[in-house]
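Undergrad: Structure for the following, please:
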Amino acid sequence: MATEIEALEENHTWSLVDKPPGCTIIGSRWVHSVKLTVDGKIDRYKARLVAQGYKHEYDIDYEETFTLVVDDDDAYVEIFVSYCRRSLLASSSDGFAGITILFLYVDDIIITRDDIDGVAQLKSFLHASFKMKDLGPFTYFLGLEVGYTPSGITLGQQKYASEVVALSGWTNTKVVLTPMEVNTKYGRDDGERFPDHTLYRRLVGSLVYLMMTRPDISYAVQLLSQFVSCPTRIHYSALLRVIRYVWGTVSRSLFFPSVSTCQLEGYSDADWAGCPDSRRLITGWCMFLGSSLVSWKCKKQTRTSKSSTEAEYRSMSAASSEIVWLRRIFLYRFGDSEGHVVQCRSSLHA
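TA: Predicted structure coming up:
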């Protein structure tokens, strides 16, 4: 806690002022957590001082209370972005609220992977400007496990997957080979209501985060997510099947080979009238850069298709939009109007 206070003061996070007349004050509280390594050992104890946002009330202006904090955050973003624009190439295809969040270092026409001097320079700038801690090589962060081998990189969530299984209370060693039963559809009113809505929502939310490295459960999770407002026992049974599948495949991970082509390929499919309640289709697509799976999604569409052909076209349209976005990220022009371009070919299969 003392370290947190020291860091906040060094970064000039706040200024002490007299209370303005008529201003509503939001209190603060300490949030303590124990950060663990991937093998479950204690890495460090962490304390954060946060505002009690849950005490906000409708139609009350809290702007005066947080002006200084927000301005400091804006200054941080402005300084960091300014530094990146001087040293790196900004992407116009990834950002929010007018702020660029993706930067690349480009050397001639080769996008480098290991620029040790550039990384050291960026770290030095950040340490000189803000109170920061270097955690070393990226191996474990927020449940994401990174493994390095000469042949490539693996991304997995084995520890987090085990925690999700433990959260469900599942102790049986019996597993299943698929996350859902084949040709089974679920509706809003299937069976009696499941009494513990909170448990259902926590499990579904945990599986949504697990999908970051587990595209094989995307279809099942998007389907079960539709019933979080009022789940039934049948929905919970289907959820437990996904848990059993995760337990049997807990060690699965994504692999990104160190040597790969720059061929972008997309695959799409659609389940026409897959939802028994709305008769809307389920769209699914996945994108490969060479042999690496880089993007995927499974979602129920907002409109009802009148035929299987229309459903397929809608699915291809969604996949094509993703391809266009990925190509904009992979294609960068620098220098004058006749500068070099990093090329990326693409194709779509339905």
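Undergrad: So Y148 versus P179, what's the distance?
TA: Using C-beta to C-beta, to the nearest Å, Y148 is found at 29 Å from P179. For every residue, glycine as well, the C-beta is placed using N, CA and C.
Undergrad: and the two? which has more neighbours close in?
TA: The neighbour comparison of Y148 against P179 (other C-beta atoms under 10 Å) goes to P179, with 23 against 12.
Undergrad: What ranges does the protein have for its helices?
TA: Here the chain has its helices, by DSSP state H, at 2-10, 63-87, 116-129, 158-168, 197-210, 218-224, 233-248, 308-330.
Undergrad: export the ones you listed to CSV and tack on mean pLDDT, distance to C23 and mean neighbour count?
TA: Converted to CSV, these look like this (pLDDT from 0 to 100; distance: least, C-beta to C-beta, whole Å; neighbours: other C-beta atoms under 10 Å):
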stretch, mean pLDDT, distance to C23, mean neighbour count
helix 2-10, 80, 21, 12
helix 63-87, 44, 5, 13
helix 116-129, 73, 31, 12
helix 158-168, 90, 41, 17
helix 197-210, 92, 36, 17
helix 218-224, 90, 44, 21
helix 233-248, 91, 46, 20
helix 308-330, 83, 44, 17
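Undergrad: Ok, which of those comes nearest S295?
TA: Of all these, helix 308-330 sits nearest to S295, with 6.1 Å by C-beta to C-beta.
Undergrad: could you dump the closest one to CSV, C-alpha only?
TA: The C-alpha trace of helix 308-330 is given here as CSV (Å, rounded to 0.1, in the frame of the first residue of the first chain):
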residue,chain,number,x,y,z
SER,A,308,-29.9,-20.9,-46.8
THR,A,309,-28.3,-19.0,-49.8
GLU,A,310,-28.9,-15.7,-48.1
ALA,A,311,-27.5,-17.1,-44.9
GLU,A,312,-24.3,-18.1,-46.6
TYR,A,313,-23.9,-14.7,-48.2
ARG,A,314,-24.4,-12.9,-44.9
SER,A,315,-21.7,-15.2,-43.4
MET,A,316,-19.3,-14.4,-46.3
SER,A,317,-20.0,-10.7,-45.9
ALA,A,318,-19.1,-10.8,-42.2
ALA,A,319,-15.9,-12.8,-43.0
SER,A,320,-15.0,-10.4,-45.8
SER,A,321,-15.3,-7.4,-43.4
GLU,A,322,-12.8,-9.1,-41.1
ILE,A,323,-10.4,-9.8,-44.1
VAL,A,324,-10.6,-6.1,-45.1
TRP,A,325,-9.7,-5.0,-41.6
LEU,A,326,-6.8,-7.5,-41.3
ARG,A,327,-5.4,-6.4,-44.6
ARG,A,328,-5.5,-2.8,-43.5
ILE,A,329,-3.4,-3.8,-40.5
PHE,A,330,-1.0,-5.9,-42.5
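Undergrad: who's in contact with that helix?
TA: 91-94, 102, 262, 264, 266-273, 281, 283-285, 287, 289, 294-295, 297, 299, 301, 303, 305, 342, 344, 346, 348, 350 (C-beta atoms under 8 Å, 6 or more residues apart in numbering).
Undergrad: Show me which of these are buried.
TA: 91, 93, 264, 266, 268-273, 281, 283-285, 287, 289, 295, 297, 299, 301, 305, 344, 346, 348 (16 or more other C-beta atoms under 10 Å).
Undergrad: Keep only those of these that are in strands.
TA: 264, 266, 268-271, 283-285, 287, 289, 295, 297, 299, 346, 348 (DSSP state E).
Undergrad: Show me the chain divided up by domain.
TA: Each domain of the chain is listed here as a residue range: 2-136, 156-253, 261-349, per automatic domain parsing.
Undergrad: May I see the ones you listed arranged in TSV, with distance to G143 as well?
TA: Formatted as TSV, those follow (distance: least, C-beta to C-beta, whole Å):
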stretch	distance to G143
domain 2-136	9
domain 156-253	4
domain 261-349	19
